[in-house]
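J.: this one's structure only:
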């Protein structure tokens, strides 16, 4: 989540439990329960949880600790400067060259009045005491090293701390015992007891937060970052290194004072009063620390303990022991191993070090990383559990998004990563950066599934932001892969189990101009098996990556999706009450499907159109993937103009470069080859590059659906009425929508067709030749420039319609009640492969079985085909009528070729053949 404002509220919650509060927006300077600077108003103490407030009244009613108005405070008399301790002066002179303070607020003496001051630090330490003493002296405040009147602390000083640096850490490690940490300060207890004994005593308690190296400058180097401020209480040697390396970036933050008297007036016993004040102060320090350096994410052991102690995992452990006929301890050890295999081990110092390293790497291999619409996300994010759901193009996605968020003051998310990335060394580094690992399949391992689901639930319930890719893997074709709902199901179940904090899904589009995995994708698309990741493969590739130019990267934040809004629409019967984990609502599966589709739609609505996308759209439309310079420039200009005239979404971004600059950029990064010729230069791409360019064309294919549809209609028809164009568009749209995750219904799509027709008419691509039938449009005859540009626009969608016709042809040839859905998918894939071999080479996704699967599923949803009692597909004349519309788009020769290669299913052997066998 975005980092919060500077200083959180100080609260007096009730009850004895030591609860860590949820992060929430906070006020920079005013702390309830303390005197606001210059306000002169009453002190207030706010209850964090009224249900857990301490019982105080005789009737058992609960109080929330609201302090009555304080009497006016007289102006403070001039303070008499106390004599400094000689040892403090000596040590400060030694530290002076290494320490530079920034004190907040600028005038902390305005926060307090004439009453004695007891400062409260988060933890003890000589360096903290000296830093506090210097800050107080420079701000005109009493010294913390001088005793309070009457010395109620009994230690000849005026400060206390909630915890102590543990000098016995080495012994604890050696003996295997956990390091002890006090739950509250004994000095704080003495201060409260002194107030009980002496009604005239009235000391104001001022919390002071000290951060050494909260955000070291990048010029300081990564070593300084390792010793920057984090959530761990470090030892003396590490603190010394932190001061030497980062002391010039020290922040001292004073909070408004807390009045002790109103707290004592609540009448609680001494122990509970100390607990309450300690808890309030700890909460304050945690929130200030969270606002400065982000939330404490380094809680691997605590999360694992919570996972293993949850009822669902305990049940799974017992079931595993019964299945294996083993001891419960053995099953517990297995669950424990699974949990540590999964869990992230977030480290602030490593993340900060990595940010410096990645800055150098990005500057070397990229020509810029642009971010759009982040401000809108920051407006929507506060108060929500954030789930980042980016597109997945490259392994760089993991690093890029976290890097960009961290660099803009947003705490990086925990990242759902495949176990294939849990490599030696690399896996550890990714874990420290927030990655948690999942196996490719949970099938057949109920214990692993239970542990992983509970880990996800703990992340969601704990308010940690999470990032996962609902495509399940990296796209090899540039299209969004069909979503997999596993992570979404776990997220929804976790929220429904404990609906405390509303969940916001943030779609993110990541667009590249060149892929680091380009060569491996090319091998996989040509039929080679995917290579397993290894540390040696990674190390071997580093020099090549660092020598390469990968162009520019664009990260666009899409329209966020509020889970509560989706549930209100799709599950109106849910009343907001928790749903037990073993209960599965009937509406859950449908909700997950709709949510997954909306995420994909919103990713596509935030697409970026970069120079390589535009070059790919133009050059791949020609048989030899080559164009004259004038034609290429004109086609790029037309593609940009279409996005201006008929905008897809207010979050779509388009390169500002001119067509000439786009062509020059393509040459610079090695995508284009210029061939000089006396009649004009020609630009071309080789066969290998052309396959990779289909990836970048497919990134933005959805943006040109309306224009490509119109162009396809005029590819084999010289004239067509506006009415027919719109009618056929509405008929075909459901299939295009399912394949390309388009955001409209068929009538809105028809409106876009009408708007695009106007652009075609203005550009001279079509001419309105009659007003009959709502207008009749015609293209030029012959091979004019306008016809060439129309053909180029039609090419991206042409192969989609060829796939559709293949499926219809295979169904028709085999007849109703013959093929199951899986059989039809396989036969369609074979037919597409054969068509590509015999006639024209096709794009890699042309014979993608998942695209045929999506088309068949949409046929079933529309009722054009259905399953009979034997799970075979049956159809009637409605499918034939639909196929007639498809013939309008495809030429006669192409239709004949498709029908020729369409296979029949193998016939079962007859009795004679069986006897011979």
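T.: All right, it came through fine. These numbers come from a predicted model, not from an experiment.
J.: Which residue is the nearest non-sequential neighbour of the residue most central in space within the chain?
T.: Residue closest to the average C-alpha location in the chain (CA atoms, centre = their mean): residue 388, at 2.2 Å. Closest residue to residue 388 apart from its sequence neighbours, by CB to CB, 6 or more residues apart in numbering: residue 467 at 4.0 Å. Glycine gets a C-beta too; all of them are placed from N, C-alpha and C.
J.: swap in residue 277?
T.: Leaving aside its chain neighbours, residue 277 sits nearest to residue 263 (6.1 Å; criterion: CB to CB, 6+ apart).
J.: And the helices in the stretch 101-250 of the chain, which stretches?
T.: Remark: helices assigned in the stretch 101-250 of the chain by DSSP state H, counting those that start in this stretch are 126-139, 169-175, 186-197, 222-226, 236-246.
J.: Lowest average confidence across those helices, which one?
T.: Here the lowest mean pLDDT among those goes to helix 169-175, at a mean of 35.
J.: Isn't the residue nearest to residue 388 up against residue 413?
T.: Yes - using CB atoms under 8 Å, residue 467 is in contact with residue 413, at 4.1 Å.
J.: Return every residue with contacts to both of these two.
T.: 388, 401, 402 (CB atoms under 8 Å, 6 or more residues apart in numbering).
J.: For residue 374, see how far away the second one is.
T.: Between residue 401 and residue 374 the distance is 11 Å, computed by CB to CB, to the nearest Å.
J.: These two: which has the busier surroundings?
T.: residue 401 (20 against 17; other CB atoms under 10 Å).
J.: gap between residue 712 and residue 729?
T.: From residue 712 to residue 729 the distance is 10 Å (CB to CB).
J.: Sorry, wrong one. I was asking about residue 470.
T.: Using CB to CB, which is the criterion applied here, residue 470 is 29 Å from residue 729.
J.: now residue 609
T.: To residue 729, residue 609 is 23 Å away according to CB to CB.
J.: before we move on, which element is the residue nearest to the centre of the chain in?
T.: Following DSSP states H and E, one finds residue 388 within strand 385-390.
J.: average model confidence for that strand?
T.: 96.
J.: which parts of the helix or strand following that strand are buried?
T.: Counting by DSSP H and E, the next helix or strand C-terminal to strand 385-390 is helix 396-407. The neighbour-count check on helix 396-407 (16 or more other CB atoms under 10 Å) flags 396, 397, 398, 399, 400, 401, 402, 403, 404, 405, 406 as buried.
J.: Please report the distance of the closest residue to residue 673 other than its chain neighbours from residue 616.
T.: Excluding its sequence neighbours, the residue lying closest to residue 673 (CB to CB, 6+ apart) is residue 684, at 5.5 Å. To residue 616, residue 684 is 13 Å away according to CB to CB.
J.: Likewise for residue 695?
T.: Relative to residue 616, and taking CB to CB, residue 695 is found at 8 Å.
J.: In terms of neighbours, single out the busier of these two.
T.: Neighbour totals were compared for residue 695 and residue 616, and residue 616 leads with 29 against 26 (other CB under 10 Å).
J.: got the contact list for that one?
T.: Counting by CB under 8 Å, 6+ apart, the residues that residue 616 touches are 693, 694, 695, 696, 697.
J.: pLDDT and secondary structure for those residues - can I get that in JSON lines?
T.: Formatted as JSON lines, the contacts of residue 616 follow (pLDDT from 0 to 100; DSSP: H, G, I helix; E, B strand; the rest coil):
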{"residue": "693", "pLDDT": "91", "secondary structure": "helix"}
{"residue": "694", "pLDDT": "90", "secondary structure": "helix"}
{"residue": "695", "pLDDT": "91", "secondary structure": "helix"}
{"residue": "696", "pLDDT": "94", "secondary structure": "helix"}
{"residue": "697", "pLDDT": "94", "secondary structure": "helix"}
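J.: Adding distance to residue 777, write these out as CSV.
T.: Shown next, in CSV, are the contacts of residue 616 (distance: CB to CB, whole Å):
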residue, distance to residue 777
693, 31
694, 30
695, 33
696, 31
697, 26
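J.: Could you point out which of those residues is nearest to residue 363?
T.: Nearest to residue 363 out of the contacts of residue 616 is residue 696 (CB to CB; 23.0 Å).
J.: Please tell me how far that closest one sits from residue 475.
T.: For residue 696 relative to residue 475 (CB to CB), the value is 12 Å.
J.: more neighbours, those two?
T.: residue 696 (25 against 19).
J.: Surely that one touches residue 477?
T.: No - applying CB under 8 Å, one finds residue 696 not in contact with residue 477, separated by 10.7 Å.
J.: Flag the shaky bits of the stretch 451-600 of the chain, pLDDT-wise.
T.: Low-confidence regions of the stretch 451-600 of the chain, defined by pLDDT under 70, span residues 518-539.
J.: show me where it has strands.
T.: Along the stretch 451-600 of the chain, counting by DSSP state E, counting those that start in this stretch, strands occupy 466-467, 503-511, 553-557, 561-562.
J.: what bits of the stretch 51-200 of the chain have low per-residue confidence?
T.: Checking the stretch 51-200 of the chain against pLDDT under 70 turns up 51-84, 86-90, 94, 97-98, 164-185.
J.: Turn the strands of the stretch 451-600 of the chain into a markdown table, columns for mean neighbour count.
T.: Shown next, in a markdown table, are the strands of the stretch 451-600 of the chain (neighbours: other CB atoms under 10 Å):
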| stretch | mean neighbour count |
| --- | --- |
| strand 466-467 | 24 |
| strand 503-511 | 24 |
| strand 553-557 | 24 |
| strand 561-562 | 16 |
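J.: Nearest to residue 257, out of the ones you listed?
T.: Among those, strand 503-511 comes nearest to residue 257, with 36.9 Å by CB to CB.
J.: Can you check what angle separates the closest one from helix 396-407?
T.: Here the directions of strand 503-511 and helix 396-407 differ by 120 degrees (axes from the mean of the first three to the mean of the last three CA atoms, to 10 degrees).
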